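Visitor: model this:
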Amino acid sequence: MLLTKNSFFKSLKKVGLWTGLSRIFGLIRDISTTSLLGASVFHDIFVVTLKIPNLFRRFFAEGAFNQAFIPVYSDFYRANDEKATKEFLNALAGSFLSILFLITIIVLLITPIFILIFAPGFYFDDFGYTRGSVPDAGHLQSAAASLHRQLEQILEWLRSLLFPTVQLVRFVTNMLLQSLRLHSGASKLGCAS
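Guide: You can find the predicted model right below:
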């Protein structure tokens, strides 16, 4: 029983560690996108675009598929038939790619309905970014100009942060070198203790 408890806690620590790291990186992602995009329509679009793949991840990775897949794969694996296991995985991957292709085509054809389901607030927006049509050149230009301004602000922030830091490092390095020179010069003269 002790061996089982240890392996259980070891597995629990692994899952807890990776889940915790995932949450931390998610928080960093949220903080960085919010600071870069602000409270704008672009941030809202970013959040919705993350919502859609997360839904499919819940369906396939954490849902009924996962509960059905693991026992079947375990049976193939336990049978030690490597060829049958590879054929099963290849057939499954081919099926998934086909289904993903069909879902993508369907979503492209019914984009306005899809947006109404996943983000109803965007369906009635004033910007026209998500009505199912390709944005015209004016929208793309304004989005590119906004992104360009944000990148310029980031670069300016980096310059304002890095320049004083580099100057401080140079100053401290010069002071240390001068101190070493003075100390070595004094020791050559026999003045240092």
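
Visitor: And the most centrally placed residue in the chain, how far from S35?
Guide: For the chain, R29 is the residue whose C-alpha lies nearest the centre (CA atoms, centre = their mean; 6.2 Å). Distance of R29 to S35, given as CB to CB, to the nearest Å: 11 Å. Any C-beta I mention is one placed from the backbone N, CA and C, and that applies to glycine too.

Visitor: for T165, same thing?
Guide: Look at T165 and S35: by CB to CB, they are 20 Å apart.

Visitor: before we move on, what about S74?
Guide: In terms of CB to CB, S74 sits 45 Å off from S35.

Visitor: Would you map the strands across the protein?
Guide: Remark: no strands are assigned in the chain by DSSP state E.

Visitor: where are the low-confidence patches of the protein?
Guide: 1-5, 122-144, 147, 183-193 (pLDDT under 70).

Visitor: got the residue ranges for the helices in it?
Guide: Ranges of helices within the chain are 2-37, 41-60, 64-78, 82-109, 111-118, 120-123, 137-189, based on DSSP state H.

Visitor: tell me which strands and helices the second one is in contact with?
Guide: With contacts taken as 3 or more CB pairs under 8 Å, 6 or more residues apart in numbering; DSSP states H and E, helix 41-60 sits against helix 2-37, helix 111-118, helix 120-123.

Visitor: Which of those helices sits closest to L151?
Guide: The closest of the helices and strands packed on helix 41-60 to L151 is helix 2-37. By CB to CB, the value is 8.9 Å.
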